[in-house]
Every structure is written in C-alpha cells, then in structure tokens.
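>>> only geometry, no sequence info:
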C-alpha cells in the first residue's frame, strides 16, 4: 500500500480546499500516533491510516447530492468514492472493504467493532474539538463518552489539560 500516493491523490481531490486538506492530515497524524501507541498490528495500522486519509471523502458528493455535508450524508456517499480511489492504487480487496466500511460508519458511534474504528473516531474527535472550538465541558463529556484507548485519552487530556 502506498500511503504517500494516497495522500497526494487526496491533496488533488481537495485541491483548493485547505480546510479539508488540513483536516485529513491532522486526523491521519493523530490516528497514526494512537495506533502505534496502542501497538496495532501492521495490517490494522495500514487500514487505520488509509481510512484516516479518506474518511471525509464523501463531503463534496454529499453537498452536491444532498445539499449538506452532515455525517450521515458523508457515510452514504463516501465509500464508493474511496473504493474507486483505492482500487486505482491497487490496494488489496480486504483492505478496501474495511476502509469503505469505516468511511461509511465514521459518524456512527454505537457500532464500533474494532480498534481501527475506535481510533479513527478518537482521532477525528481530537481534530474536531479544536476546529469546532468546543467548550472544555463539551470536550470532557465527549472524552468520557467516546474515548476508550489509553493513548487517545492521554492525548486528549494533555491537549486540553483535562482532569477527572
């Protein structure tokens, strides 16, 4: 798998939209760091990193088709676009299938079925907390409700100086 090539393809896909480019770059960085700290095996880490880069790939099509980039619309539109991009890069089918599943569920928090999914959600929240300028109370509530990995909790606590 060629994460660098995928990164460049995502840069091209979101050319002219620095907010989206910065978002997927930050989510990827946090996901990779949490995944490594949680000692993910290599294939799972590959799935996580790949998904982190493409997790919001459905935004443009969601806006075009549904007039909104809300999470459910992203989940509907994203998997097909991600699949096409990953097939062009010759990713193995089992990785494509899992990445597409995660893209199609990354705003669904009650069906988390693996560490790759959990870490993706945590990384996305770490970035969204900052980008959306969430209050400390909202950040603490989110951390308590969503975060499960020790590395994700540690990052969140340090970033926002949280204590329980």
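Alright, I've got the coordinates. Since this is a predicted model, take the numbers as computed values, not measurements.
>>> centroid residue for the protein?
Closest residue to the average C-alpha location of the chain: residue 52 at 3.8 Å, with CA atoms, centre = their mean.
>>> ok, it touching residue 122?
No: contact between residue 52 and residue 122 fails when scored by CB atoms under 8 Å: they sit 10.8 Å apart. (C-beta placed from N, C-alpha, C; glycine too.)
>>> okay, and the common contacts of the two?
Counting by CB atoms under 8 Å, 6 or more residues apart in numbering, the shared contacts of residue 52 and residue 122 are residue 30.
>>> following element in sequence after the worst-scoring helix or strand of the chain on mean pLDDT, please.
Least confident helix or strand, the chain: helix 59-66 with a mean of 91, by mean pLDDT, DSSP states H and E. On the C-terminal side of helix 59-66, the closest following helix or strand by DSSP states H and E is helix 71-88.
>>> what about the helices in this structure?
3-13, 18-37, 42-54, 59-66, 71-88, 93-103, 115-131, 136-146, 150-160 (DSSP state H).
>>> which positions in the shortest one come out as buried?
It stands for helix 59-66. 59, 60, 61, 62 (16 or more other CB atoms under 10 Å).
>>> ok, the last one next?
Of the residues in helix 150-160, those buried under the neighbour-count criterion (16+ other CB under 10 Å) are 151, 152, 153, 155, 156, 157.
>>> roughly how far apart are residue 98 and residue 114?
Noted for residue 98: a distance of 8 Å to residue 114, by CB to CB, to the nearest Å.
>>> those two: who's more crowded?
Between residue 98 and residue 114, counting by other CB atoms under 10 Å, residue 98 is the more crowded of the two (21 against 15).
>>> for the closest residue to that one other than its chain neighbours, give me its contacts.
Leaving aside its sequence neighbours, residue 98 sits nearest to residue 47 (CB to CB, 6 or more residues apart in numbering; 5.0 Å). Residues in contact with residue 47, defined by CB under 8 Å, 6+ apart, are 95, 98, 99, 102, 116.
>>> can you get me a residue count around the first one?
Residue crowding around residue 95 was assessed by other CB under 10 Å; the count is 17.
>>> so what's it up against?
Counting by CB under 8 Å, 6+ apart, residue 95 makes contact with 1, 43, 46, 47, 50, 86.
>>> tell me if I'm right that the fifth one and residue 83 touch.
No: under the criterion of CB under 8 Å, residue 50 is not in contact with residue 83, lying 11.7 Å apart.
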